[in-house]
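Enquirer: kindly generate the corresponding structure for this input.
(one chain, ligands or ions: 1)
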Amino acid sequence: MAKPKDTAEETIYVLNGPNLNLLGTREPATYGHATLADVEKLCADTAAQFGLKADCRQSNREGELVDFIHEAHARKAAGIVINAGAYSHTSIALHDALKAVGVPAVEVHITNIHARESFRHHSFTAMAAFAILAGFGIDGYRLAINGLAAKIGAKAKA
Ligand code: CA2
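Expert: You can find the predicted model right below:
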């Protein structure tokens, strides 16, 4: 039987939260020179190595990020890579959404949040992820997709 068209079983949702649309335009000493478009291309290229697609979304609104998590579940996405930005440290709603849907999730932070201000040391979203990466710069997204692929049994294509 044909699969319904709106499923995304071979897709990883890559979710970026507030202010990450500013990547590459401000604070390069902290966040580097790469733009969000560079991050999204890195994710697409990395996912393709495993025969997967990256569906990349960014929002400055907490509720919209919750909606993306629900959508990933509804479309049977293979996994989620999430950098919820500052909402990582505040959002029980995002924690609850990730827990509720149970889609395997990896949390990424460009910076090492544990080497920064104490208010960044706790992450609600990390509690709902199976792994976290922090401090690798944007390469963390590539590493996260590799780890997610291993977790879901996606093999690298020759
Ligand atoms: O290190 C990360 O990836 C963060 O999630 C980035 C968030 C921050 O609130 C978290 O504590 C750690 C901030 C994203 C803001 O991104 C900007 C990018 C360029 C210029 C200004 C902000």
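Enquirer: can you show me the strands along the chain?
Expert: 11-16, 53-58, 79-83, 105-109, 131-134 (DSSP state E).
Enquirer: from the ligand, how far out is Val39?
Expert: According to C-beta to the nearest ligand atom, to the nearest Å, Val39 and the ligand sit 10 Å apart. Quick note: C-beta positions are derived from backbone N, CA and C, even for glycine.
Enquirer: mind listing what that residue touches?
Expert: 14, 16, 20, 23, 56, 138, 141 (C-beta atoms under 8 Å, 6 or more residues apart in numbering).
Enquirer: tell me the confidence at the nearest residue to the second one once chain neighbours are set aside?
Expert: If I follow you right, that is Asn16. The spatial neighbour of Asn16 that comes closest, neighbours along the chain excluded (C-beta to C-beta, 6 or more residues apart in numbering), is Gln58 at 4.2 Å. Looking at Gln58, its pLDDT is 99.
Enquirer: ditto for Lys3
Expert: On the pLDDT scale, Lys3 gets 54.
Enquirer: C-alpha coordinates for the lowest-mean-pLDDT helix or strand in the chain, PDB please?
Expert: Across the helices and strands of the chain, mean confidence by mean pLDDT, DSSP states H and E is lowest for helix 28-31: a mean of 96. Coordinates of the C-alpha atoms in helix 28-31 are reproduced here as PDB (Å, rounded to 0.1, in the frame of the first residue of the first chain):
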ATOM      1  CA  PRO A  28      30.900  36.200  16.000                       C
ATOM      2  CA  ALA A  29      33.300  35.800  18.900                       C
ATOM      3  CA  THR A  30      30.600  33.700  20.700                       C
ATOM      4  CA  TYR A  31      28.600  32.100  17.800                       C
END
